[in-house]
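Any chance you can model this:
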Amino acid sequence: MESTKDRDRLNFQNPSLDKWLRFLIIAVLVIGILFRFANLDRKFYWLDETYTSLRVSGYTEAEIIKQISYQKITSPADLQKYQQINSEKTLSDTLNSLATEDPQHPPLYYVLARYWAQWFGSSVAAMRSLAAVISLLVFPAIYWLAWELFESSTVAWMAIAIFAISPYHILFAQEARQYSLWTVTTILSSAALLRAMRPDENQNPVALVLSWALYAGTATLGLYTHLLFVCVAAAHAIYVAVIANWRDVKTFIAYYVAALIALIGFMPSLINTVENFNQIRSTTAWAEQTNFLRLVSRWIGSVTIAFFDIGIDGTANATQLALLIPVGIMIFALVGYALYFLYRHTPKRVWLIVLLLIATTALFLAVPDIMKGGRRSANPRYLVPCYVGIQLAVAYLLSAKISNNLDNFKQQKLWRIVIVALFAAGLISGGVSSQRETWWNKGSGWLRAELQVAETVNQASNPLIISDAPIAYMMPLSYYLKPKVKLLIEPRCYTSCYKNRKLALKKPQPSKIPDGFSELFLYRPSSTLRSAIQQQNYQIDPADANVDLKLWKITKK
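Down below sits the predicted model:
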């Protein structure tokens, strides 16, 4: 455990917040909360989110494909049936849908989302509001973790402000997925671990048992939230091994008992994951292709979006890129200095847990990407623990640099400017992204094309879409098609292909194209479907140059 000298190194004073900083933090917190709930229903409800609704409703992808065929003309509303809660499906159907087709997703968030949908409905705004509400729990949680680490309310409030206005946390607070819950469980479990390892806890056996029980509970929740929580658990295991160092036997034993309880609690989901590992590989194959230079550039971009984000992945124009590059370099340098400063000015019990949260996840994802090729480590949604560690380090740096211990007034003034600039960057980022229908976290490139598809089709007076596109594309598109649009579809599988080879190998067999429609469109067709339509004496031409050959117009020869 730490010595008195170590405590002296950490204690840079804990003064009350200056009035200007107190006002700024409150303002940032309020605005950050507003950003989390702004325009929840206006942003594109993309592929991943429609699968959340599918799982929550209790249907499987295979059911949709079997129930919708070329034999019947359907409407967008017919697809929406599979996105909504109804009396035909129960919670057990939700669990079965996940276990059979999405075993890489533990069920906790989806169970919460099902009950949420039963109370508030299955609309886009309602489904996203759960993640937004959960994200509010980050603020008390990060205050607790910062206090356990630094014993400073100044650092704790600074951390709250950084998390509140962080573009990264705002974006994922508005997505109907489990990432805000993963953030909360990562923070809570880390705080609970530090609480249980505090020296004064050894003097109170009852409190010590309760602290370790709390850690076991939060770790279990984390494992049931996201599979990559295993990286957080690994960081905790290494931390205990290094800090206890086999000399503090009670702490060592208590931790591994708590960890074992968490593992036993997670065992049902873990067994299903192991049994369906090949299914997981088949549905995450998209992450296995990239080149190294692009990977490195995205690593830098991933660090930048913790504090500033005006669009990556093709959404930024030339002017934005001219601003993004220098700002990104400055933020990258700030983060690097913050981690160095943390290491130099805090005891091992503080800097080690922060660095481990970053390193375990980053290395777990980056090493396979480098060795075998891939881009998992460049996907910010998988880096939640890294952002927690990075932003804690920056919160400590900024708090230390404006503390009363710093005699150099010019330095204090400089760092106050840095704080204002950092908060301003977050405010600008949130303001820009809140007004956009698409953003990088929703695969912005193909989303813009999908919106163009919907716009083109909706302009027709009585259109019919013919398609055998994967159901993963049909579900998001259905949210943006007008009721007048009709569908003649037989979707291909996406998550159910590995387990259901019959569906995967099925060839489209379209019926005769019906009469009575003003315009006929072909959406993301397979070569087999194109050939079958051409054999019916129809001509196929691009419907619009802006939709990148995803939409075609069918005319009689």
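
neighbours of residue 31, just the number please.
19 (other CB atoms under 10 Å). In this view, the C-beta of every residue, glycine as well, is placed from N, C-alpha and C.

remind me which residues of the stretch 101-250 of the chain are low pLDDT?
Low-confidence segments of the stretch 101-250 of the chain (pLDDT under 70): 200-203.

now the protein, which segments are flagged as low pLDDT?
Scanning the chain with the threshold set as pLDDT under 70 gives 1-17, 200-203, 279-292, 311-323, 404-408, 443-445, 496-501, 504-505, 508, 545-548.

Let me see the ranges of the strands in it.
463-467, 486-489, 519-523, 538-542, 551-556 (DSSP state E).

mind listing what the first one pairs with, with the direction of each?
If I follow you right, that is strand 463-467. strand 486-489 (parallel), strand 519-523 (parallel) (DSSP bridges).

Any chance of the ones you listed in CSV with mean neighbour count and distance to residue 248 as columns?
Output for the strands paired with strand 463-467, formatted as CSV (neighbours: other CB atoms under 10 Å; distance: least, CB to CB, whole Å):
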stretch, mean neighbour count, distance to residue 248
strand 486-489, 22, 63
strand 519-523, 21, 63
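
For residue 111, see how far away residue 97 is.
When distance is defined by CB to CB, to the nearest Å, residue 97 is 12 Å away from residue 111.

er, residue 100 I mean
The gap separating residue 100 from residue 111 is 16 Å, by CB to CB.

ditto for residue 295
Taking CB to CB, one finds residue 295 at 35 Å from residue 111.

could you redo the strands of the chain as a markdown table and give each row distance to residue 84?
Below are the strands of the chain laid out as a markdown table (distance: least, CB to CB, whole Å):
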| stretch | distance to residue 84 |
| --- | --- |
| strand 463-467 | 21 |
| strand 486-489 | 18 |
| strand 519-523 | 23 |
| strand 538-542 | 34 |
| strand 551-556 | 27 |
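
Can you tell me which of those strands is nearest to residue 83?
Nearest to residue 83, of all the strands of the chain, is strand 486-489, at 14.8 Å by CB to CB.

Now tell me what touches that closest one from outside.
68, 70, 73-76, 78-79, 463-469, 474, 510-511, 513-514, 517 (CB atoms under 8 Å, 6 or more residues apart in numbering).

what's near enough to touch residue 29?
139, 160-161, 164.

Let me fix that, I meant to ask about residue 160.
Residue 160 touches 25, 29, 139, 142-143, counting by CB under 8 Å, 6+ apart.

Also residue 227?
Residues counted as contacts of residue 227 (CB under 8 Å, 6+ apart) are 104-106, 273.

Go through the residues you listed and flag which are in helices.
residue 273 (DSSP state H).

Out of the contacts of residue 227, name the two that are farthest from one another.
Greatest spatial distance among the contacts of residue 227 (CB to CB): 105 and 273, at 9.4 Å.

Show the backbone phi and psi for the residue lying closest to residue 461 once chain neighbours are set aside.
If the residues on either side of it in the chain are set aside, residue 461 comes closest to residue 518, at 4.7 Å by CB to CB, 6 or more residues apart in numbering. Here is the backbone geometry of residue 518 (degrees, to the nearest 10): phi -70, psi -40.

Would you confirm that residue 518 contacts residue 484?
No - applying CB atoms under 8 Å, one finds residue 518 not in contact with residue 484, separated by 9.9 Å.

Out of these two, name the residue with the larger neighbour count.
A direct count of neighbours by other CB under 10 Å for residue 518 and residue 484 places residue 484 higher, at 14 against 10.

ok, now how distant is that one from residue 514?
For residue 484, the distance to residue 514 - CB to CB - is 15 Å.

How about residue 535?
Taking CB to CB, one finds residue 535 at 17 Å from residue 514.

In terms of neighbours, single out the busier of these two.
Taking other CB under 10 Å, residue 535 and residue 514 do not tie; residue 514 has more neighbours (12 against 8).

quick one: the more buried one and residue 71, what's the gap?
Residue 514 is 11 Å from residue 71, where distance means CB to CB.

Residue 428 now?
52 Å.

In terms of neighbours, single out the busier of these two.
Taking neighbours as other CB under 10 Å, residue 428 and residue 71 compare with residue 428 leading, 16 against 10.

Surely that one and residue 310 touch.
Yes - using CB under 8 Å, residue 428 makes contact with residue 310 at a distance of 7.4 Å.

can you list residues touching both of those two?
Contacts common to residue 428 and residue 310, judged by CB under 8 Å, 6+ apart, are absent.

isn't residue 324 right up against residue 304?
Yes - Residue 324 is within contact range of residue 304, at 7.4 Å (criterion: CB under 8 Å).

In terms of neighbours, single out the busier of the two.
Set residue 324 next to residue 304 and count neighbours by other CB under 10 Å: residue 304 wins out with 24 against 19.

Now for the more buried one: which residues touch it?
Residue 304 touches 324, 327-328, 331-332, counting by CB under 8 Å, 6+ apart.

if you set the cut-off to 6 Å instead, what comes out?
Listed by CB atoms under 6 Å, 6 or more residues apart in numbering, the contact set of residue 304 reads 328, 331.

Residue 310: how many residues sit nearby?
The burial count for residue 310: 21, using other CB under 10 Å.

So residue 69 versus residue 506, what's the distance?
Counting by CB to CB, the gap from residue 69 to residue 506 is 10 Å.

I'd say residue 98 and residue 106 touch.
No - with contact defined as CB atoms under 6 Å, residue 98 does not reach residue 106; the gap is 8.2 Å.

More neighbours: which of those two?
Neighbour count, other CB under 10 Å: between residue 98 and residue 106, residue 106 has more, with 25 against 22.

what's near enough to touch that one?
224, 269.

what are the phi and psi angles of it?
Torsion angles, degrees, to the nearest 10, at residue 106: phi -60, psi 160.

Check the separation of the first and last residues in stretch 156-176.
End-to-end distance for stretch 156-176, by CA to CA, to the nearest Å: 28 Å.

ok, now stretch 519-534?
So stretch 519-534: terminal residues 16 Å apart, CA to CA.

do the same with stretch 160-180
From its first residue to its last, stretch 160-180 covers 15 Å (CA to CA).

How about stretch 81-92?
Terminal-residue distance, stretch 81-92 (CA to CA): 18 Å.

do stretch 427-442 as well
Start-to-end, stretch 427-442 (CA to CA) is 21 Å.

How far off centre is that stretch?
Distance of stretch 427-442 from its chain centroid, counting by CA atoms, centre = their mean, to the nearest Å, is 15 Å.

Same check on stretch 338-345?
28 Å.

how about the helices in the stretch 401-550 of the chain?
Using DSSP state H, counting those that start in this stretch, the helices of the stretch 401-550 of the chain run over 409-433, 444-458, 471-478, 501-505, 527-534.

Go ahead and confirm the residue nearest to residue 461 touches residue 464.
No - taking contacts as CB under 6 Å, residue 518 lies outside contact range of residue 464: 8.7 Å.

quick one on the thing from earlier: with the contacts of residue 29 in mind, which one is nearest to residue 412?
residue 161 (17.7 Å).
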